[in-house]
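Novice: fold the following, please.
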Amino acid sequence: MNLVLIAEQTLNGLQLGVMLFLMAAGLTLIFGIMNLVNLAHGSLYMVGAYLATWFTQATGSWPLGVLLALGGTLLVGMAVELVALRNLYERDHLDQVLATFGLILFFNELVAILWGRSSIYSSLPGYLIGHVELGGGLRYPLYRLVIIGAGLATAAGLWYVVARTRLGMLIRAGASNRGMVAALGINIRLLYTVVFGFGAALAGLAGLLAGPIYAVQPGMGEQILIQVFVVIVIGGIGSIRGALAGALIVGVVDTLGRAFLKPALAEIFTQSVADAAGPALASMLIYLLMAAVLAFRPAGLFPAAR
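Specialist: Coordinates of the predicted model:
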């Protein structure tokens, strides 16, 4: 098998993995500290993609568009928490699921009103277009390397914030015993708003990075949200380390499976069998992986310490 192709697809898997991590990290932060099941997290991913595309076109600057989109998604997330979610923390998870599903419908219709139902496409500046020679005949798109680097840098920064700063201390304390945090005089409602906005910004970052690769369209958040939930279950609910490990595993397994499972089956069975079974099995791989992980580690690979 072509080693260059394997290396290229592995890098594609890492690129998908870091984007899943950005989504999963925000979602696991929100669930870990607030115990809130937020199905609308994918909508914030979509908002980030739309805002980045719109701001880039309006300003003519991709970096400025990225910064404005991050700030805009942060504010949208905080507004959603204040207006729609603040009264749901003490409700059961079914109420939270129903409410956040309603937010999905709201955001899909809102972006359709503002930008239309047709797909729009985000352009990149010239200095991010092209390929990089990685040796051994491997040429890889520069922008995808930028996504990998940005995702890993964000993971390192997130670890530093959670593990080494006062805000991180409050986040960890709130996840363990929110009543005690409130009793010590911390404004727990403000903390919730900040954490939710921070999680929304992470989802927006994933969306704006995905915009130049995929079509930006209403409903794009739901397409990735299912994979994000698989990541969280595999890595461990409430664990940032688990979100990173689970995202990289899911990204690589899904990408390599879709690239190589059908050719591998063709070596064993007939081509017609491989054509029929290969794509179906490839789409099932991450769910089979999740089932295997849960069979041996029901709490996930790196469950959050309690």
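
Novice: tell me how far the longest helix along the chain lies from the chain's centre.
Specialist: Across the chain, the helix with the greatest residue count (assigned by DSSP state H) is helix 3-34. Computed by C-alpha atoms, centre = their mean, to the nearest Å, the separation of helix 3-34 from the middle of its chain amounts to 7 Å.

Novice: show me what the helix or strand following that helix is packed up against.
Specialist: With elements assigned by DSSP states H and E, the helix or strand that comes after helix 3-34 is helix 41-59. Where contact means 3 or more C-beta pairs under 8 Å, 6 or more residues apart in numbering; DSSP states H and E, helix 41-59 is packed against helix 3-34, helix 62-80, helix 93-115, helix 188-210, helix 220-235. (C-beta placed from N, C-alpha, C; glycine too.)

Novice: could you dump these to CSV with mean neighbour count?
Specialist: Shown next, in CSV, are the helices and strands packed on helix 41-59 (neighbours: other C-beta atoms under 10 Å):
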stretch, mean neighbour count
helix 3-34, 23
helix 62-80, 20
helix 93-115, 15
helix 188-210, 24
helix 220-235, 22
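
Novice: in JSON lines, list these along with mean pLDDT.
Specialist: Compiled in JSON lines, the helices and strands packed on helix 41-59 are given as follows (pLDDT from 0 to 100):
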{"stretch": "helix 3-34", "mean pLDDT": "88"}
{"stretch": "helix 62-80", "mean pLDDT": "94"}
{"stretch": "helix 93-115", "mean pLDDT": "92"}
{"stretch": "helix 188-210", "mean pLDDT": "90"}
{"stretch": "helix 220-235", "mean pLDDT": "90"}
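
Novice: these: which one's closest to L261?
Specialist: Set against L261 and scored by C-beta to C-beta, these come closest in helix 3-34, at 11.5 Å.

Novice: between helix 41-59 and that closest one, find me the angle.
Specialist: Orientation of helix 3-34 against helix 41-59 (axes from the mean of the first three to the mean of the last three C-alpha atoms, to 10 degrees) gives an angle of 110 degrees.

Novice: please state the offset of the helix or strand where L261 lies from the chain centre?
Specialist: Secondary structure from DSSP H and E places L261 in helix 240-268. Centre-to-centre, helix 240-268 and its host chain are 17 Å apart (C-alpha atoms, centre = their mean).

Novice: taking helix 220-235 as reference, get the angle to it.
Specialist: Going by the same axes, to 10 degrees, helix 240-268 makes 100 degrees with helix 220-235.

Novice: the following helix or strand past helix 240-268: which residues count as buried?
Specialist: Using DSSP H and E, the helix or strand that follows helix 240-268 towards the C-terminus is helix 271-296. Applying a neighbour-count criterion of 16 or more other C-beta atoms under 10 Å, one finds 274, 278, 281-282, 285-286, 289-290, 293 buried in helix 271-296.

Novice: next, E133: phi, psi?
Specialist: phi -80, psi 120 (degrees, to the nearest 10).

Novice: one step back: now render the buried residues of helix 271-296 as a markdown table, adding distance to G219 and pLDDT.
Specialist: Listed next are the buried residues of helix 271-296 as a markdown table, based on distance: C-beta to C-beta, whole Å; pLDDT from 0 to 100:
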| residue | distance to G219 | pLDDT |
| --- | --- | --- |
| A274 | 32 | 83 |
| G278 | 27 | 84 |
| L281 | 26 | 88 |
| A282 | 23 | 86 |
| L285 | 24 | 92 |
| I286 | 21 | 92 |
| L289 | 26 | 93 |
| M290 | 24 | 94 |
| V293 | 29 | 93 |
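
Novice: so can I have JSON lines of those residues showing distance to R164?
Specialist: Listed next are the buried residues of helix 271-296 as JSON lines, based on distance: C-beta to C-beta, whole Å:
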{"residue": "A274", "distance to R164": "50"}
{"residue": "G278", "distance to R164": "46"}
{"residue": "L281", "distance to R164": "43"}
{"residue": "A282", "distance to R164": "40"}
{"residue": "L285", "distance to R164": "36"}
{"residue": "I286", "distance to R164": "32"}
{"residue": "L289", "distance to R164": "32"}
{"residue": "M290", "distance to R164": "32"}
{"residue": "V293", "distance to R164": "29"}
